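Novice: Pasted the sequence and its predicted model underneath.
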Amino acid sequence: MLNRREFLQAGGAALLSPTLTEALPIAEGGGLPMAICTWDRLKANEAAKAVLEKKGRALDAVEAGVKVQEADPNDTSVGYGGLPDRDGHVTLDACIMDEKGNAGAVTYLEHIMHPISVARLVMEKTPHVMLSGAGALRFALANGFKKTNLLTPQSEKIWKEWLKTAKYKPIVNVERHDTIGMLVLDAQGDMSGACTTSGMAFKLNGRVGDSPIIGAGLYVDNEVGGACATGVGEFVMRTLGSFLLVELMRQGRTPQQACEEAIGRIVKGKTKDDFRDFQVGYLAVNKKGEYGAYSIQQGFNFALYQNGQNRVIESDYWLK
Ligand code: ASP
């Protein structure tokens, strides 16, 4: 594959927008192993780090990382304790991709604490990529997962409060705790990714967002890098955000340029929703461990474990 300079010399610059060729920003980061995840979830990175320090596989690290959030009752956007749909059902969406391009996903899964592990099992043990609803639940139970009541007293209380007005209006940067998307590069240089969520709070029953959709909420191509998304999934699904990010990096963009261009697609879109009322945040990582982040609104942040340090970084954003 051409590196960036070879790509530009070969005439690839013509494919890039003028602003991209004028000033090429230096890519942030670099170094393996590394883990990055949406929002300030240092504990998820710690769990990934524990796997990576033992020279573990990126796939095991992403699964271990996002499971921390799935089990946390105080995280109201993921797994146990996630806010329900408008009818009081906690319905979970998750997907996972490994370094070989294998993928697994579950959508509209109820009563299971760790949808990411079910998604992994779909990937590894079935001929399919995605299982949904009752079928996904049956598959999980048949494979030893236990039925759990995911609606905590706290989430139930918030839902009952919401029922008083019952107005669906996504809140920008909910407690800075939306979907967790995580990308990991292990010491061997292999990448995997995971994405898991309880979806938009008080969504219509049956609604599935971007998070379990391969190419929307998550995409990994071990030759190029990976990407993941958080925020209002409808915008991400319409533009196939994560796939777009990886393809932009394949064409030579830095992860940061790719994130800015993918948010630009949303902003310049002409859909029925006004992007100014919504949040979307993207993370992208290339094979060197260089990363990028960008969002529509102020307030998106992410946790980065790299070169032995685990820290929270604020993302740049469009609406200034
Ligand atoms: N992306 C998720 C969804 O649309 C929600 C979120 O990140 O808050 O379901």
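Specialist: Done, it's in.
Novice: Which of the three states applies to the residue nearest the centre of the chain?
Specialist: Nearest to the geometric centre of the chain sits Gly181, at 2.7 Å (Cα atoms, centre = their mean). Under DSSP: H, G, I helix; E, B strand; the rest coil, Gly181 falls in the strand class.
Novice: Let the chain start at 47 from now.
Specialist: With the count now opening at 47, the last piece we talked about shows up as Gly227.
Novice: in the sheet, who's paired with it?
Specialist: Beta-bridge pairing for Gly227 (DSSP bridges): Cys241.
Novice: what ranges do the strands span in the stretch 247-366 of the chain?
Specialist: 264-267, 271-277, 326-332, 336-341, 347-352, 355-360, 362-363 (DSSP state E, counting those that start in this stretch).
Novice: how close does the residue nearest to the centre of the chain get to Lys249?
Specialist: Separation of Gly227 from Lys249 (Cβ to Cβ, to the nearest Å): 18 Å. No exception for glycine: its C-beta is placed from N, CA and C like everyone else's.
Novice: Now the phi/psi pair for Ala186, please.
Specialist: Backbone geometry at Ala186, expressed as degrees, to the nearest 10, gives phi -60, psi -50.
Novice: contacting residues for it?
Specialist: Ala186 makes contact with 152, 155, 158, 164, 167, according to Cβ atoms under 8 Å, 6 or more residues apart in numbering.
Novice: want to throw these into TSV with neighbour count, secondary structure and distance to the ligand?
Specialist: Listed next are those as TSV, based on neighbours: other Cβ atoms under 10 Å; DSSP: H, G, I helix; E, B strand; the rest coil; distance: Cβ to the nearest ligand atom, whole Å:
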residue	neighbour count	secondary structure	distance to the ligand
Val152	30	strand	13
Leu155	28	strand	13
Ile158	26	coil	17
Val164	26	helix	17
Leu167	19	helix	22
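Novice: Tabulate these (CSV), appending distance to Gln200 and pLDDT.
Specialist: Formatted as CSV, these follow (distance: Cβ to Cβ, whole Å; pLDDT from 0 to 100):
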residue, distance to Gln200, pLDDT
Val152, 24, 98
Leu155, 21, 98
Ile158, 19, 98
Val164, 24, 98
Leu167, 29, 98
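Novice: Make CSV out of those residues and add distance to Ile312.
Specialist: Shown next, in CSV, are these (distance: Cβ to Cβ, whole Å):
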residue, distance to Ile312
Val152, 26
Leu155, 27
Ile158, 31
Val164, 30
Leu167, 33
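Novice: Quick check: nearest residue in space to Ser257, chain neighbours excluded?
Specialist: Spatial nearest neighbour of Ser257, chain neighbours left out: Gly263 (3.8 Å); criterion: Cβ to Cβ, 6 or more residues apart in numbering.
Novice: Is it correct that Tyr214 is in contact with Phe248?
Specialist: Yes: with contact defined as Cβ atoms under 8 Å, Tyr214 reaches Phe248; the gap is 5.6 Å.
Novice: Of these two, which one has the most company?
Specialist: Phe248 (21 against 13; other Cβ atoms under 10 Å).
Novice: count of residues packed around Ala73?
Specialist: By the criterion of other Cβ under 10 Å, Ala73 has 18 neighbours.
Novice: quick one: contacts for it?
Specialist: 300-302, 332, 334, 336-338.
Novice: what's the farthest-apart pair in those residues?
Specialist: For these, the maximum inter-member distance is 13.1 Å, found between Gln302 and Lys334 (Cβ to Cβ).
Novice: So if I had to pick from the two, which one is more boxed in?
Specialist: The neighbour count for Gln302 versus Lys334, taken as other Cβ under 10 Å, is higher for Gln302 (21 against 16).
Novice: unless I'm mixing things up, Asn353 is touching Gly77, no?
Specialist: Yes: counting by Cβ under 8 Å, Asn353 does reach Gly77; the two are 4.8 Å apart.
Novice: end to end, how far does stretch 168-184 reach?
Specialist: The straight-line separation of the ends of stretch 168-184 (Cα to Cα, to the nearest Å) is 12 Å.
Novice: Please identify the buried residues of it?
Specialist: By 16 or more other Cβ atoms under 10 Å, the buried positions in stretch 168-184 come out as 168-169, 175-177, 182-183.
Novice: what pLDDT does Gly57 get?
Specialist: Predicted confidence (pLDDT) for Gly57: 41.
Novice: in the stretch 47-196 of the chain, what residue is nearest the ligand?
Specialist: Closest to the ligand within the stretch 47-196 of the chain is Ser123: 5.4 Å, counting by Cβ to the nearest ligand atom.
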